[in-house]
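# sequence isn't available, so here's the structure alone:
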RNA sequence: CGGGAUGUAGCGCAGCUUGGUAGCGCACCUCACUUGGGAUGAGGGGGUCGCAGGUUCGAAUCCUGUCAUCCCGACCA
């Protein structure tokens, strides 16, 4: 490919509305252009990267025994009503009408379609197990698309669906996918963590996400992981060993104490001269319009998703002062936030496990400007019936698996695997005949990889101030040959010669034949992220060219006759790693 | 959906307060000069100032509405 003919326009300035690095670089380096919010054209460089990722995905999927197919993007309402998701998927489902006013959806995922297909095609256990996948554009009408390719409304995804006769078969299929995923991401040059996760809208029992851990802040969820073993989880699910109480309270007897305007944990610790861990903190939440009081030790934090899940709620938020006032009136009590406690309150009370061990502690008693000090469960008040882990796991707490320290990083979810069970097959009456002649619903699993998101995640992971540093396996091209001065006959001739030789060796090469100054061409090469650059400049008079590796920054001078061999070696050894 | 901000050339922005011929930098085209890290000079093309109303002799500028985009939050995965 000649650079002068390539459909690419690099920008010197960062577009004002691109927030995260991958978005900025993809625009600046000429990979994508936005059509409208969350929807992008993928220009030739981007397309090549997608093909690379897709082909790795295809290769591993095929090796795992899965078969590729392609299902419709445009889907009639009826199929979605069958699964109940026409309602349940909510506004995120991109909907439209055809000329007959028939309601349709653009597929955000394909459980319904594949289940319907299986229902009509698979009638015997002899046809099972089977795993079918496709690579395709998906549509999700995100409330707030952002971060470029990391959260678009249209994006490219690989989605696979497994069908088995029983749970055992599903477990097997699930593990096969887990292994394939591991290989896929390694081949893409990405370190991922397999993280236990919530199943969310897709549903099912067991699910894992594959997260690329990044230092950059791209708004994705925090991941808690163990520094020693392989334990990892989303913050909304991760557990940790309960940190020990520093000291119990040292009150001689329990007493209701006047605590005028002493509300926060910090104020209480000063007032009583105690550790935060000797306080029982009470927080008021609104879960699906109902009031819920959550208790936790003063030095710890509530994880709202855990609380929400424990009581099987959908929506959770902290109560406003007015809502607290209302609660108090209903309970015939008078207290503002800061003086709330479990005793005598007319609301569901959930205690975190951490409060169980509290002794001689301080707690609100639902009277303004008063706290109960030296309280003990069973003596001064009862431990609530509902005790659960609703605590946010924090950095430096200890791993439940191996007792080592936990750490927290930002992560980008690039893949996920779900055990669906019969969630869709049962609802859609999709059954097969088993060995004994009985009818059974398929046991299903589904497995997604965000192709476009994986590419963006690679950039979040591998970039510097000058641009992208693609891993060799997913770079749009392997090498760029840059003649410093195209008017210098010798430089021009050698550059062309090297370029031709590289192509003969099946190396994906670009020749920067543009009549620009060297600086411009170097800047573009770095920005676009060619893994290897061969510079043909003045040193060609001594027969030498320069080879620079983008990822490592390594740079050597080498005879032009050995350059191609050297570069082919670099490229192949990188590709072999994947 | 709540809060905030912005829409002027492909990109980044000024002009708006105080209405009077639409500007600058980058990019693009031509010529000269230059060629190892985003040179320089000269010339040139490109805009219904987001859209629709209104006020006015006259609107990018003032008013009303509307649409779009971005940020924070909520939501979702």
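It's in. Source: prediction; values computed, not measured. Numbers count the residues shown, from 1 in each chain, chains lettered A, B, ... in the order given.

# can you name the residues bridging to the closest residue in space to residue A:522 that isn't next to it in sequence?
Distances taken as CB to CB, 6 or more residues apart in numbering put residue A:482 closest to residue A:522, at 7.1 Å, once the chain neighbours are dropped. (Glycine included, C-beta is placed from N, CA and C.) Here residue A:482 shows beta-bridge partners residue A:535, assigned using DSSP bridges.

# residue contacts, residue A:482?
A:495, A:512, A:518, A:521-522, A:525, A:533-536 (CB atoms under 8 Å, 6 or more residues apart in numbering).

# 7 Å - rerun?
A:512, A:521, A:525, A:533-536 (CB atoms under 7 Å, 6 or more residues apart in numbering).

# so how far is residue A:284 from the residue nearest to residue A:301 when sequence neighbours are not counted?
Ranked by CB to CB, 6+ apart and with sequence neighbours excluded, the top spatial neighbour of residue A:301 is residue A:392, at 4.3 Å. Residue A:392 sits 18 Å away from residue A:284, going by CB to CB, to the nearest Å.

# so what's the closest residue to residue A:1 other than its chain neighbours bridging to?
Closest residue in space to residue A:1, ignoring its immediate chain neighbours: residue A:510 at 4.8 Å, by CB to CB, 6+ apart. Judged by DSSP bridges, the bridge partners of residue A:510 are residue A:480.

# now do the contacts for residue A:510.
Taking CB under 7 Å, 6+ apart as the test, what residue A:510 contacts is A:1, A:3, A:477, A:480, A:530.

# in CSV: these, plus secondary structure and pLDDT.
Listed next are the contacts of residue A:510 as CSV, based on DSSP: H, G, I helix; E, B strand; the rest coil; pLDDT from 0 to 100:
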residue, secondary structure, pLDDT
A:1, coil, 94
A:3, helix, 96
A:477, coil, 98
A:480, strand, 98
A:530, coil, 98
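
# farthest pair within the residues you listed?
A:1 and A:530 (11.1 Å; CB to CB).

# mutual contacts of the two, please.
A:477, A:510.

# for these two, indicate the residue with more neighbours.
The neighbour count for residue A:1 versus residue A:530, taken as other CB atoms under 10 Å, is higher for residue A:530 (28 against 16).

# if you skip the residues just before and after it, what's nearest to that one?
residue A:480 (4.1 Å).

# hmm, that neighbour is touching residue A:533, no?
Yes: contact criterion CB atoms under 7 Å: residue A:480 and residue A:533 qualify, at 5.3 Å.

# can you pull the residues that touch both of those two?
With CB under 7 Å, 6+ apart, residue A:480 and residue A:533 have common neighbours residue A:525.

# okay, those two: which has more neighbours?
More neighbours surround residue A:480 than the other of residue A:480 and residue A:533, with 26 against 22 (other CB under 10 Å).

# residues from the stretch 401-550 of chain A in reach of RNA strand B?
Residues of the stretch 401-550 of chain A found near RNA strand B (CB under 7 Å from any atom of the strand) are A:413, A:416, A:466, A:484-488, A:515-520, A:522-524, A:526-527, A:535-539, A:546, A:548.

# out of these, which end up buried?
Buried subset of those (neighbour count, 16 or more other CB atoms under 10 Å): A:413, A:416, A:484, A:486, A:488, A:516, A:522-524, A:526-527, A:535-537, A:539, A:546, A:548.

# ok, the residue of the stretch 351-500 of chain A found nearest RNA strand B - contacts?
For the stretch 351-500 of chain A, the residue closest to RNA strand B is residue A:485, as judged by CB to the nearest atom of the strand, at 3.1 Å. By CB under 7 Å, 6+ apart, the contact set of residue A:485 is residue A:491.

# that one and residue A:514: what is the separation?
Relative to residue A:514, and taking CB to CB, residue A:485 is found at 11 Å.

# sorry, back to before: since we're on the residue nearest to residue A:301, how many residues are nearby?
21.

# just checking, it touches residue A:305?
No: the pair residue A:392 / residue A:305 is not scored as a contact, 9.4 Å apart, by CB under 7 Å.

# which residues in the stretch 151-300 of chain A form strands?
A:154-164, A:192-196, A:207-214, A:222-226, A:232-234, A:255-258, A:279-287, A:290-297 (DSSP state E, counting those that start in this stretch).

# grab the nearest non-local neighbour of residue A:95.
Residue A:95 sits nearest to residue A:105 (CB to CB, 6+ apart), 5.4 Å away.

# hey, which strand is longest across chain A?
The residue-count maximum for a strand in chain A (DSSP state E) belongs to strand A:406-421.

# averaged pLDDT, that strand. What do you get?
Taken as a whole, strand A:406-421 has a mean pLDDT of 89.

# what does whichever helix or strand comes after it rub up against?
Helices and strands here follow DSSP states H and E; after strand A:406-421, the next one along the chain is helix A:423-427. Contact partners of helix A:423-427, identified using CB under 7 Å, 6+ apart, comprise A:82-84, A:111-112, A:115, A:203-204, A:441-442, A:444.

# again, only this time at 8 Å
With CB under 8 Å, 6+ apart, helix A:423-427 has contacts from A:82-84, A:111-112, A:115, A:118-119, A:203-204, A:430-431, A:441-444.

# what about that helix, distance to the chain center?
How far helix A:423-427 lies from its chain's middle: 27 Å, per CA atoms, centre = their mean, to the nearest Å.

# buried stuff in the helix or strand following it?
Sequence-wise, the next helix or strand downstream of helix A:423-427 (DSSP H and E) is strand A:431-433. Buried residues in strand A:431-433, defined by neighbour count with 16+ other CB under 10 Å: A:431-432.

# what packs against strand A:431-433?
Judged by 3 or more CB pairs under 8 Å, 6 or more residues apart in numbering; DSSP states H and E, the packing partners of strand A:431-433 are strand A:439-441.

# Serialize the contacts of residue A:510 to CSV and add fields for distance to residue A:241.
Converted to CSV, the contacts of residue A:510 look like this (distance: CB to CB, whole Å):
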residue, distance to residue A:241
A:1, 56
A:3, 57
A:477, 49
A:480, 52
A:530, 48
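
# which one of those residues is nearest to residue A:212?
residue A:530 (22.2 Å).

# want to throw the contacts of residue A:482 into CSV with pLDDT?
Shown next, in CSV, are the contacts of residue A:482 (pLDDT from 0 to 100):
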residue, pLDDT
A:512, 97
A:521, 97
A:525, 97
A:533, 98
A:534, 98
A:535, 97
A:536, 97
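
# shaky segments in chain A?
A:198-205, A:216-221, A:247-249, A:314 (pLDDT under 70).

# could you chop it up by domain?
The record's domain parsing of chain A by automatic domain parsing lists A:19-239+A:407-460, A:255-388, A:477-577.

# endpoints of the second one, how far apart?
It refers to domain A:255-388. Length of domain A:255-388, first residue to last, CA to CA, to the nearest Å: 28 Å.

# centroid residue for chain A?
residue A:413 (1.8 Å; CA atoms, centre = their mean).

# surely it and residue A:209 touch.
Yes: if you go by CB atoms under 8 Å, residue A:413 and residue A:209 touch, sitting 4.8 Å apart.
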